[in-house]
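Colleague: got a predicted model here, sequence first, then my questions.
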Amino acid sequence: MIDPTAWAAFDALIARRGGDVLLLVDDLLRIVRAGPEAADLAERPEETLRGMSLIAGFGSAALDALARQAITTREVVSGEATLGHLGARRFAVDAVPLQRGLVLSLHDITALRRMERVRRDFVANIGHELRTPLTSIKLLAETLTSGAVDDPATTRDFAAQIEREADHLAQLVVELLDLTTIESGETRLSLEALDPETAVAACIERIGPVAERREVRVRRLDPPDTSARALADPARLGQALLNLAHNAVKYSHHGGEVRIGWEPVDGRVRFTVADDGIGVPVAHQQRIFERFYKVDRSRARVPEDGQLSGSAGLGLAIVRHIAEAHRGSVGVASEEGVGSTFWIEVPAA
Ligand code: ADP
């Protein structure tokens, strides 16, 4: 039997450690008391849990083993266990032996572990993206310094390639820094009531020369009849539109056309960038706004001028974050081989 004073202590613990899963079990690992979080986790009312074995109540061999070890050694044992429906949650577990029985305290670390994984993936992705251009630069420079290239034209060509790869690296670093500042939420937006026509015109002006070099036409869509103002940070919105326009040109065919415009939609202003390029396969459409997500590296037209070589899968992630910072949204409608329409919506002023 558990000493009744342990019950009072247990209740005090529940009051203090709200949010944690707390259990009082006896020496035979039968549940004596369960806190509200424990009942939620087991998806059973507390009364049902009482008297059940720990393993029957929670179905976790890891939790059972930790409790058993604490009972046997009469020492505090800590570890981790995966519990919940379909093993969905990860917990840091402390098993604290009492005179009789023990208290189990489970702290949810699912979000923490997920964050750690995201961070690990992020670093791995950066490493991967940096490696390719760095390897090229090193190879080209080595070939030049080893004197293997006597021909001045080839030397120039190699030097130009090095410059392109260095530009790509620089672009990548800029995008990474942009993304992390926007993601951290530290960027303060300078919101103003912006004429959407001005934003569209600025974007067309900036993308014009790049599109021309690639023989892609850029057309401004006729403005809607109504007038509206977007509540946006002109620089950030401009950056998002330019990213979309860059992609539209990058994934267009020679002689293709990119159309940029805006329309009012339910208290918002929607900017659209449409192309008749290669399109995005349906299976990828949900994911292209994730950072580092690329459909296929070989799909972009090979850049002749280095202007568009940066392809790290960060462009659309930046667009999404800019939209979210404005409490807006992004979207795409696309058909493979036919073209794409990307949009970003921000609140109307
Ligand atoms: P990237 O730097 O690879 O272009 P983005 O985040 O800008 O990265 O885009 C992610 C992926 O979405 C790209 O790899 C490309 O396959 C696809 N994509 C983006 N814009 C377009 C578009 N206008 N047409 C076709 N595919 C596109």
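Modeller: Noted; the coordinates are in hand.

Colleague: so where is the stretch 151-300 of the chain shaky, pLDDT-wise?
Modeller: 297-300 (pLDDT under 70).

Colleague: how about the residues of it near the ligand?
Modeller: Within the stretch 151-300 of the chain, the positions near the ligand by C-beta under 6 Å from any ligand atom are 247-248, 251, 275, 277-280, 288, 293-295, 299. The C-beta positions use only the backbone N, C-alpha and C, and glycine is treated the same way.

Colleague: now do 5 Å
Modeller: 247-248, 251, 277, 280, 288, 294-295 (C-beta under 5 Å from any ligand atom).

Colleague: return the subset of the residues you listed lying in helices.
Modeller: 247-248 (DSSP state H).

Colleague: what comes into contact with the helix or strand R219 falls within?
Modeller: Using DSSP states H and E, R219 falls within strand 217-220. Under the criterion C-beta atoms under 8 Å, 6 or more residues apart in numbering, residues 200-201, 204, 207-208, 211, 245, 249, 255-261 lie in contact with strand 217-220.

Colleague: buried residues, it. List them.
Modeller: V218 (16 or more other C-beta atoms under 10 Å).

Colleague: ok, and the closest non-adjacent residue to the residue in the stretch 101-250 of the chain that the ligand sits nearest to?
Modeller: Of all residues in the stretch 101-250 of the chain, N247 sits closest to the ligand, at 3.4 Å by C-beta to the nearest ligand atom. Distances taken as C-beta to C-beta, 6 or more residues apart in numbering place G315 nearest to N247, at 6.0 Å, with adjacent residues excluded.

Colleague: okay, now that neighbour: neighbour count?
Modeller: 24 (other C-beta atoms under 10 Å).

Colleague: for T341, same thing?
Modeller: Considering only other C-beta under 10 Å, T341 is surrounded by 16 other residues.

Colleague: which stretches of the stretch 151-300 of the chain form strands?
Modeller: 192-194, 217-220, 230-232, 257-265, 268-275 (DSSP state E, counting those that start in this stretch).

Colleague: which helix in the protein has the most residues?
Modeller: Max-length helix for the chain by DSSP H is helix 110-145.

Colleague: now do it: distance to the chain's middle.
Modeller: 17 Å (C-alpha atoms, centre = their mean, to the nearest Å).

Colleague: how about that helix: buried residues?
Modeller: For helix 110-145, by 16+ other C-beta under 10 Å, it's 125, 129-130, 133, 136-137, 140.
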